[in-house]
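Peer 1: Coordinates for the following, if possible.
(one chain, ligands or ions: 1)
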Amino acid sequence: MLITADKLTHFVEQIFVQMDASQTFAHEVAAHLVEANLKGHDSHGIGMTPAYVHNISTGLLKADAEAEVIRDNGAVMVIDGQFGFGQVVGRQAADIVIERVKETGVVCAGVRNCHHLGRIGTYAEHCVNQGLVSLHMVNVVGHDPQVSPWGGRERRMTTNPFACAVPVAGDDPVVLDMATSAVALGKVRVAYNAGNQVPEGALVDHEGAPTTNPGVMYEEPFGALGPFGKHKGYGLAVMCELLGGALAGEWTAQPGNERTNHIVNHMFMLVVDPEAFGGVEKFQTEVKEMVAYLHSTTPAKDFDKVRVPGEPERESMADRLANGIPIDENTWAGVVKAAQRAGLTAEQISELTT
Ligand code: NAD
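Peer 2: Numbering: from 1, shown residues only. The predicted model follows:
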């Protein structure tokens, strides 16, 4: 099906309101999820709604929790998300950091105990919109691992995302935002729901042999998702685990920690005000010239043009705002079921979605 962003946002917002979230928080979460769909990341879009509804009902997700500063050493801060909606406490943490960077020029923050933060690029974009450079290294805990280390067949980590954004004066920023797994797990879920295969090189089966069948992540005997970029992607994933998990969150995927079917993100966040370096003009000139230089590259065979990170998301957003957001049948059925579970009647659902 195809649905407009506004309609989808309002529908998902009503689901969270039914689950006793405030209208403001429900709207923020729904808008974040729908923006992920708009930007082409269906893995982190409204398909997450059933998991959020489930986690609110089991008490794992605290719909009214807010971010709280628990350690403050000036340019080093620890902020606890208290298992609130990641979309809310993650943005609140970014706001706290942005405010502090105005005084200190640089802030290194550990943002811990956030229920699923969703698309990490959102927080990078929040900082970059203020003219700041930001870097985010995140781990994911609270449930069984899904990603095997390079060269291994068992699961030891999750999809540990990395994001970094750089402002471009008078233009769109450069935003790198990615899972360190070969593909985001949500994309495997979307492929599984849609009955599609995943690209080669992403999954191994229970014997460690390569497979394109997303079922190995959901049906026994289980396989694993591999890291992107062989040993190098694996190395970055380990650093996300150690900086996001051990340093920021004091909670990694090692088996001594609880796994209760929760989705918890810990985020190591480094935010820099280019002004603090002094030469903002020179920095921005270099950024602009370099981006133009990259864009001037002749496309390789089968490529239409050379882009910088962040552009595919903007292109997807322009397209989906104009033409609607496609949602596959299984994902939609899951969201409708979550709406019913939250207490919306069939008539209300139909009214909200047609
Ligand atoms: P992806 O592979 O689609 O894109 C990764 C990056 O590559 C993006 O910055 C994109 O702009 C860039 N890119 C893509 N094509 C490009 C091209 N042709 N030229 C230049 N740059 C290009 O993203 P992904 O790895 O599937 O991650 C999807 C989302 O999942 C991200 O938003 C991430 O934050 C999120 N995620 C969240 C969690 C969590 O626990 N909260 C975990 C994993 C992933």
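Peer 1: And the strands in this protein?
Peer 2: Remark: strands assigned in the chain by DSSP state E are 2-3, 68-72, 76-80, 106-115, 133-141, 162-168, 171-178, 203-204, 210-211, 224-225, 264-272, 325-326.
Peer 1: partners of the longest one in the sheet?
Peer 2: Okay, so that is strand 106-115. The strands beside strand 106-115 in its sheet (DSSP bridges) come out as strand 76-80 (parallel), strand 264-272 (antiparallel).
Peer 1: picking that back up, dump the strands of the chain to CSV, plus distance to the ligand and mean pLDDT.
Peer 2: C-beta coordinates here come from the backbone N, C-alpha and C atoms, glycine included. CSV is the format used below for the strands of the chain (distance: least, C-beta to the nearest ligand atom, whole Å; pLDDT from 0 to 100):
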stretch, distance to the ligand, mean pLDDT
strand 2-3, 21, 96
strand 68-72, 20, 98
strand 76-80, 16, 98
strand 106-115, 9, 98
strand 133-141, 4, 98
strand 162-168, 6, 98
strand 171-178, 4, 98
strand 203-204, 14, 94
strand 210-211, 19, 94
strand 224-225, 10, 95
strand 264-272, 5, 98
strand 325-326, 16, 98
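Peer 1: got those strands as JSON lines, with mean neighbour count columns?
Peer 2: Rendered in JSON lines, the data for the strands of the chain read as follows (neighbours: other C-beta atoms under 10 Å):
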{"stretch": "strand 2-3", "mean neighbour count": "14"}
{"stretch": "strand 68-72", "mean neighbour count": "13"}
{"stretch": "strand 76-80", "mean neighbour count": "21"}
{"stretch": "strand 106-115", "mean neighbour count": "25"}
{"stretch": "strand 133-141", "mean neighbour count": "27"}
{"stretch": "strand 162-168", "mean neighbour count": "22"}
{"stretch": "strand 171-178", "mean neighbour count": "19"}
{"stretch": "strand 203-204", "mean neighbour count": "23"}
{"stretch": "strand 210-211", "mean neighbour count": "14"}
{"stretch": "strand 224-225", "mean neighbour count": "26"}
{"stretch": "strand 264-272", "mean neighbour count": "25"}
{"stretch": "strand 325-326", "mean neighbour count": "17"}
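Peer 1: Could you export those strands as a markdown table, including distance to residue 151?
Peer 2: Conversion of the strands of the chain to a markdown table gives the following (distance: least, C-beta to C-beta, whole Å):
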| stretch | distance to residue 151 |
| --- | --- |
| strand 2-3 | 43 |
| strand 68-72 | 37 |
| strand 76-80 | 34 |
| strand 106-115 | 30 |
| strand 133-141 | 20 |
| strand 162-168 | 21 |
| strand 171-178 | 21 |
| strand 203-204 | 11 |
| strand 210-211 | 13 |
| strand 224-225 | 12 |
| strand 264-272 | 25 |
| strand 325-326 | 37 |
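Peer 1: as a whole number, average confidence for stretch 228-241?
Peer 2: In this model, stretch 228-241 carries a mean pLDDT of 97.
Peer 1: So which bits of it are buried?
Peer 2: Neighbour counts over stretch 228-241 (16 or more other C-beta atoms under 10 Å) mark 228, 233-234, 236-241 as buried.
Peer 1: Mean pLDDT per helix and strand in the protein: which one sits at the bottom?
Peer 2: With mean pLDDT, DSSP states H and E as the measure, the helix or strand of the chain carrying the lowest mean pLDDT is helix 185-194 (a mean of 86).
Peer 1: Quick check: the residue nearest to residue 160 when sequence neighbours are not counted vs residue 12, distance?
Peer 2: Nearest in space to residue 160, with sequence neighbours left out and distances taken as C-beta to C-beta, 6 or more residues apart in numbering, is residue 240 at 3.7 Å. When distances are taken as C-beta to C-beta, to the nearest Å, residue 240 and residue 12 turn out to be 28 Å apart.
Peer 1: what are the phi and psi angles of residue 130?
Peer 2: Torsion angles at residue 130 (phi, psi; degrees, to the nearest 10) stand at phi -100, psi 10.
Peer 1: Grab the nearest non-local neighbour of it.
Peer 2: In space, not counting the residues next to it along the chain, residue 130 is nearest to residue 98; the distance is 5.4 Å by C-beta to C-beta, 6+ apart.
Peer 1: so what pLDDT did the one you found get?
Peer 2: What the model reports for residue 98 is a pLDDT of 98.
Peer 1: For it, the count of nearby residues, please.
Peer 2: Each residue near residue 98 was counted by other C-beta atoms under 10 Å, and the total is 19.
Peer 1: Test my guess that it contacts residue 127.
Peer 2: Yes - with contacts defined as C-beta atoms under 8 Å, residue 98 counts as touching residue 127 at a distance of 6.2 Å.
Peer 1: could you measure the residue nearest to the spatial centre of the chain against residue 75, distance?
Peer 2: Averaging the C-alpha coordinates of the chain gives a centre point, and the residue nearest to it by C-alpha atoms, centre = their mean is residue 119 (2.4 Å). Counting by C-beta to C-beta, the gap from residue 119 to residue 75 is 27 Å.
Peer 1: Next, the contact list for the nearest residue to residue 131 once chain neighbours are set aside, please.
Peer 2: In space, residue 131 comes closest to residue 167 once its chain neighbours are excluded; the distance is 5.2 Å by C-beta to C-beta, 6+ apart. Shown here is residue 167, whose contacts under the criterion C-beta atoms under 8 Å, 6 or more residues apart in numbering are 128, 131-133, 173, 274, 284, 287.
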